[in-house]
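Student: build me a structure from this.
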Amino acid sequence: MKDPKETFFMHIPEPLIVRRAVLESSRETIRFMQQYEQIKSIRTLKAKKILELRRELKEVSRMVQELKAKMPEVAMRKPKHRHVHAPVLPAVPQERHQEKKAVQKRQPPKRLNELERLEAELGEVERKLGKLR
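Tutor: Sure thing, here's the model as predicted:
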C-alpha cells in the first residue's frame, strides 16, 4: 500500500475559474517581462547614444581648439566715440540717478557661463554688422 503522505489530493470547487485566473496572471507576468525587456533595450540604446554624444563633443572640442590655435592673435582697440547729435532726454533728478548707481554697485558681477558668453559675443557681432550696413 502507498504511504498516505505521498498522495495528496485537494478538491478545487470550480477548476475553470482557477485555471482562468492562473492563465491571466501568467499573461500579465509575461507582459511585465516584455515591458522590462523593452526598458532594458531602451536603456542600452540610451547608454550607446550618450557614449556617441560624448565622443562627438570631444571631437568638436578638439576641432574648436585646433581652430583657436590656427586663428591669428589680434589686438583689439576700443572704438573712438563719435559725438552724434543724440536726442535730448528729460532731466533726471540727481537722487534717482544716484539710487540707480547704488543698486548697480550692490550687485556682484555676474559670472557668465560659456553659452551666455557666446550669446553675448554673437549679439555684439550682429550689432556691429548692423552698423556696417
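Student: helices and strands of the protein: which one bottoms out on pLDDT?
Tutor: Within the chain, no helix or strand scores below helix 94-106, which has a mean of 57 by mean pLDDT, DSSP states H and E.
Student: biggest helix in the protein by residues?
Tutor: Once the chain is assigned using DSSP state H, the helix that runs over the most residues is helix 15-70.
Student: and the average pLDDT for that helix is what?
Tutor: Computed over helix 15-70, the mean pLDDT rounds to 93.
Student: re the thing from before, now the element after the least confident helix or strand of the chain, going C-ward?
Tutor: Using DSSP states H and E, the helix or strand that directly follows helix 94-106 along the chain is helix 114-132.
Student: same for that next one, what does it pack against?
Tutor: Contact partners of helix 114-132 among helices and strands, from 3 or more C-beta pairs under 8 Å, 6 or more residues apart in numbering; DSSP states H and E: none. Placement of C-beta: from N, CA and C, glycine included.
Student: so Glu6, which state does it fall into?
Tutor: coil (DSSP: H, G, I helix; E, B strand; the rest coil).
Student: pLDDT at it, what is it?
Tutor: 72.
Student: so who does it touch?
Tutor: Listed by C-beta atoms under 8 Å, 6 or more residues apart in numbering, Glu6 has no contact partners.
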